[in-house]
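J.: what follows is a predicted structure for the sequence shown.
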Amino acid sequence: MPKQASLEAGDPAEAAQAESAHANGPVIRVVSLDGGVFRDLEGGAALAELERAVGLRQARVWVDLGEATPGQLADVGHILGLHPLLIEDLAERDQRAKLEQMGEILHLVVFSLGFDGGTIYDRELDFVLGQRFLLSSHSRWWDSRATRHLREGVEEAMRRGPDHLLWALCDDTIDAYFPMLDRLGDEIDAVEDEVVASADRALLERLFELKRELILIRRVTAPEREMFNVLSSREEMPVSAENRLYYRDAYDHLIRLTDELDTYRELASATLEAYLSTVNNNLSLIMKRLTGVTVVVAGIGAVAGIFGMSEAQAAFRAGEGPGFWIVTFAGLLLAALAAAILHKIDWI
């Protein structure tokens, strides 16, 4: 039978239970706060608790769905009174970052970013905020209880309202962007140093990969910046005046993040230009050296062309006069002089 869970973030029993649940399939958890009574239930008992809490005017509810099936989403949506189109969006999980209002209900889509084998990936997080409830829908990999603001438990956030709980979940997701951006910045600095030392194909591929990752972060954070601006400034949003200050703080974080992102994008573009300049310089150096070699060989070839190969046999038999040898050695001397001059000016 499900029981009230410990909300300590470092509880090994809770971590093992969550891992087992994630491995076995969808996770449905309902946290309700009814007056002074706090409940945290999972599984079939969670849906029963959700239906009971929704019927109470003073109750506040958080429904956390991990990899929920369309049928489970439909059941939860029916209990919460969600629009069928909203339930369909939650089931498809292919939305862009957006803020959509349906009456007194907000549908908020944000993205969590992470590294997988050195490559950045993004995962969709859906939140539905009502006056007395918060619904979060996500994949199994994301543990909402491990977020920084909920490590001491969910009860305090629930007491401040579902809108404060929404901020707590989103703020931790936004703060996780900064270490990733710092890591990309370090990689850009390393690539800049390598461009100066040597420019090769692998370096070019890494530069393009960095630009793609920066574009991915920009695609995620740019809409979120506008979303939190709206949440923190418009009174018609279902966010209390007390909690708007928290959303303003998250908005400030996104402003700083996008400013740093623009800086790194410019650095990546400048590094790419430096790479192309280095390649062009190397090509010019090769062309200069080939030109120098051509000058040296052309002089020798001109002498050989004047006398022809028929003179070689007579020369080896000592049948040629001194004029032949004077012209030959003069041609070689001029070629050597040209080679010395070209070497001095760094052409060969």
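T.: Looks like it came in fine.

J.: show me the helices in the protein, by range?
T.: Using DSSP state H, the helices of the chain run over 12-24, 44-54, 70-80, 84-92, 155-159, 162-175, 177-197, 201-233, 241-307, 310-316, 322-344.

J.: can I get the ones you listed in CSV with mean neighbour count, distance to L33 and mean pLDDT?
T.: All C-beta spots, glycine's among them, are computed from the backbone N, C-alpha and C. Formatted as CSV, those follow (neighbours: other Cβ atoms under 10 Å; distance: least, Cβ to Cβ, whole Å; pLDDT from 0 to 100):
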stretch, mean neighbour count, distance to L33, mean pLDDT
helix 12-24, 13, 19, 42
helix 44-54, 18, 8, 89
helix 70-80, 17, 16, 92
helix 84-92, 16, 23, 91
helix 155-159, 17, 4, 88
helix 162-175, 22, 10, 93
helix 177-197, 15, 30, 86
helix 201-233, 17, 22, 89
helix 241-307, 15, 16, 81
helix 310-316, 11, 105, 58
helix 322-344, 13, 84, 73
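
J.: columns distance to F115 on top of the ones you listed, output as a markdown table?
T.: Below are the helices of the chain laid out as a markdown table (distance: least, Cβ to Cβ, whole Å):
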| stretch | distance to F115 |
| --- | --- |
| helix 12-24 | 20 |
| helix 44-54 | 32 |
| helix 70-80 | 29 |
| helix 84-92 | 26 |
| helix 155-159 | 28 |
| helix 162-175 | 15 |
| helix 177-197 | 7 |
| helix 201-233 | 10 |
| helix 241-307 | 16 |
| helix 310-316 | 70 |
| helix 322-344 | 50 |
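
J.: could you chop the protein up by domain?
T.: Following automatic domain parsing, the chain resolves into domains at 1-163, 283-344.

J.: turn the ones you listed into CSV, including distance to L261.
T.: CSV is the format used below for the domains of the chain (distance: least, Cβ to Cβ, whole Å):
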stretch, distance to L261
domain 1-163, 12
domain 283-344, 33
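
J.: so which of these comes closest to D175?
T.: domain 1-163 (7.1 Å; Cβ to Cβ).

J.: rewinding a little: which one of the helices of the chain lies closest to M102?
T.: Nearest to M102, of the helices of the chain and by Cβ to Cβ, is helix 84-92 at 6.4 Å.

J.: please work out which residues outside the closest one touch it.
T.: P70, L73, A74, G77, Q95, M102, I105, H107, D126, V128, S137 (Cβ atoms under 8 Å, 6 or more residues apart in numbering).

J.: between those, which is nearest L184?
T.: Nearest member of these to L184, counting by Cβ to Cβ, is Q95, at 24.9 Å.

J.: could I get the pLDDT score of that closest one?
T.: If you check Q95, the pLDDT there is 85.

J.: ok, what's across the strand from the closest residue to it other than its chain neighbours?
T.: Distances taken as Cβ to Cβ, 6 or more residues apart in numbering put V109 closest to Q95, at 4.6 Å, once the chain neighbours are dropped. Judged by DSSP bridges, the bridge partners of V109 are K98, D126.

J.: next up, the contacts around N243.
T.: Each residue near N243 by Cβ under 8 Å, 6+ apart is listed here: R160, G161, D163, H164, W167.

J.: rerun at 7 Å
T.: G161, D163, H164, W167 (Cβ atoms under 7 Å, 6 or more residues apart in numbering).

J.: okay but the second one is in contact with L129, surely?
T.: I take that to be D163. Yes: D163 is within contact range of L129, at 6.3 Å (criterion: Cβ atoms under 7 Å).

J.: what touches both of these two?
T.: Both D163 and L129 are contacted by P238, under the criterion Cβ under 7 Å, 6+ apart.

J.: out of the domains of the chain, flag the one nearest S233.
T.: Across the domains of the chain, S233 has its closest neighbour in domain 1-163 (12.3 Å, Cβ to Cβ).

J.: so how far is the closest one from its chain's centroid?
T.: Centroid separation between domain 1-163 and its chain, computed with Cα atoms, centre = their mean, to the nearest Å, is 25 Å.

J.: what do you get for stretch 215-230?
T.: Computed by Cα atoms, centre = their mean, the chain-centroid distance of stretch 215-230 equals 13 Å.

J.: kindly report the same for stretch 255-273.
T.: Centre to centre, stretch against its chain (Cα atoms, centre = their mean), the figure for stretch 255-273 is 13 Å.

J.: which residues sit in contact with L216?
T.: I120, D122.

J.: oh, that last question was meant for L56, not what I typed.
T.: With Cβ under 7 Å, 6+ apart, L56 has these contacts: D34.
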